[in-house]
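Asker: The amino acid sequence is not available; the structure is as follows:
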């Protein structure tokens, strides 16, 4: 196949100029040198086309399968901040300090996609049929399917939402796939309307798979938050990811489809656990669906619906079976017909102590049983109350006691506590006087406590001062652009900032001064990127001018 005259995005024939008349892609688009360049061939089979995106653990490309004669999608394992590529090379370059971690993460990538290959017959998985290692990294090849994201589909609807009867046909088939993923040890971790694709064959399929190490803020790989869909345990805290993580995100997608707006992000719901839904929409949502979403959208994973099988049963439950339980745990909101519509949108958590709303007058009538959601665990209530300032200790005006209470100092380090975790623990702040300082750490991620001034287990008097050291993470600096400088100048500039410098000599055709750094794309990591202090910066430096001289000739004597 002659690929020279094909569009590198849709792989149709180019009929005039570089811009494809079929898909509109400009085939003269420059691709950053960190990525594979268009028309690169992998395994003598896959022709790399347009660069699509760079996700936390992988770069995604359009490609053409010469064997099948069809477009495909290729994922290249290229974790952000760890892997790079020098201009003109196909091999991936790994920073020295990350080489061991890279091999571990690459093994996770291979394991993930090898498992997904075996699940290609599941209806909600984009078929993946090849996984291989090449160029010092790994690749996964999957079928290309024309589709639009669920987000775009919903935005095309007049009200931005759909009814459950329609949503049911879209969402329910995904549960079988999700159940199989969990049975094989795979937590998707990034389910959201952008990663649910409506395909031409009428099916919805999942995209956006990445290795588990990139699914939370606790790892060293970049994590992309999907606000409203990312579960609490994926943020920087002590809760662990589990199948309920995907149930939270999937419930949030159903909520978005039915309500027309994203649920609030999980972090904000720790302190203000109210979801908002218009009455006119809420009355169209079956009661058993509201109840199922209540279980799926619990803030804390241990309180959430734990398995896809149970969640499926809840979504399929007959309203007559669950109506009594729903009414028993609900607050009935009453409103006048001319109430402020904003007020009519609010519904309340099912706190047992929350007062029933009262009718505002003779013209008032019950409008709707609005959403019953998220009975907060006792510890959750404690956190909410503490942050609201409702547990502030009254000023101690009594005379000091002769003997003070003593307490064992907790281990603030091993559990990975953050400063906010400690500040929200009323008991500890009553027992001790806790203050904080910050320091950089190469071994402990930002925000985690890694030192305490008094060792764990020691018995101390009440109100003893304890200083906790919070990690500022690895100290970083922006890499200055040293292109065009002499090697000596560039080395001083970089080492003064704490970077290490190594060089690669490149060909000099005579148009450049020997010993100077290449001006464009002559650095890895590239100029202006943020890099940990102490990292190695590779500079491409021009060598001596290469000239070709003709051998001397002697005129023959006559």
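Answerer: Sure, I can see it. What you are looking at is a predicted structure, and each value in this text was computed from that prediction instead of being measured.

Asker: pLDDT score for residue 466?
Answerer: Note for residue 466: predicted pLDDT of 95.

Asker: roughly how far is the helix or strand harbouring it from the heart of the chain?
Answerer: Following DSSP states H and E, one finds residue 466 within strand 464-471. Offset of strand 464-471 from its chain centre (Cα atoms, centre = their mean, to the nearest Å): 31 Å.

Asker: partners of the next helix or strand after it, with directions?
Answerer: Using DSSP H and E, the helix or strand that follows strand 464-471 in sequence is strand 476-478. In the sheet, strand 476-478 lines up against strand 530-532 (antiparallel) (DSSP bridges).

Asker: So which bits of the strand holding residue 466 are buried?
Answerer: 464, 466, 468-471 (16 or more other Cβ atoms under 10 Å). The way it works is simple: take the backbone N, C-alpha and C, and place the C-beta from them, glycine included.

Asker: Any chance you could list what contacts that strand?
Answerer: 409, 412, 418-419, 422, 432-441, 444-454 (Cβ atoms under 8 Å, 6 or more residues apart in numbering).

Asker: partners of it in the sheet?
Answerer: According to DSSP bridges, strand 464-471 has these partners: strand 432-439 (parallel), strand 449-452 (antiparallel).

Asker: quick one: the strands in the stretch 101-250 of the chain?
Answerer: 128-134, 137-143, 147-149, 196-199, 204-206 (DSSP state E, counting those that start in this stretch).

Asker: Go through those strands and name the closest to residue 229.
Answerer: Comparison of the strands of the stretch 101-250 of the chain against residue 229 by Cβ to Cβ identifies strand 196-199 as nearest, at 10.4 Å.

Asker: would you turn the buried residues of strand 464-471 into a markdown table with distance to residue 110?
Answerer: As requested, the buried residues of strand 464-471 are exported to a markdown table (distance: Cβ to Cβ, whole Å):
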| residue | distance to residue 110 |
| --- | --- |
| 464 | 51 |
| 466 | 45 |
| 468 | 40 |
| 469 | 38 |
| 470 | 36 |
| 471 | 31 |
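
Asker: nearest to residue 173, of those?
Answerer: Distances from residue 173 to those, taken by Cβ to Cβ, are shortest for residue 471, at 44.1 Å.

Asker: rewinding a little: need the strands of the stretch 101-250 of the chain in JSON lines (columns: mean pLDDT, distance to residue 235 and mean neighbour count).
Answerer: As requested, the strands of the stretch 101-250 of the chain are arranged in JSON lines below (pLDDT from 0 to 100; distance: least, Cβ to Cβ, whole Å; neighbours: other Cβ atoms under 10 Å):
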{"stretch": "strand 128-134", "mean pLDDT": "95", "distance to residue 235": "29", "mean neighbour count": "16"}
{"stretch": "strand 137-143", "mean pLDDT": "97", "distance to residue 235": "28", "mean neighbour count": "22"}
{"stretch": "strand 147-149", "mean pLDDT": "92", "distance to residue 235": "24", "mean neighbour count": "16"}
{"stretch": "strand 196-199", "mean pLDDT": "93", "distance to residue 235": "22", "mean neighbour count": "20"}
{"stretch": "strand 204-206", "mean pLDDT": "93", "distance to residue 235": "22", "mean neighbour count": "22"}
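
Asker: Can you say which of those is nearest to residue 53?
Answerer: strand 147-149 (12.7 Å).

Asker: counting contacts, what elements does that closest one pack onto?
Answerer: Applying 3 or more Cβ pairs under 8 Å, 6 or more residues apart in numbering; DSSP states H and E, one finds that strand 147-149 contacts strand 196-199.

Asker: Paired strands for the strand it packs on, with orientation please.
Answerer: strand 147-149 (antiparallel), strand 204-206 (antiparallel).

Asker: what residues does the last one touch?
Answerer: Think strand 204-206. 123-126, 145, 147, 150, 170-171, 173-174, 177, 188, 191, 195-199.
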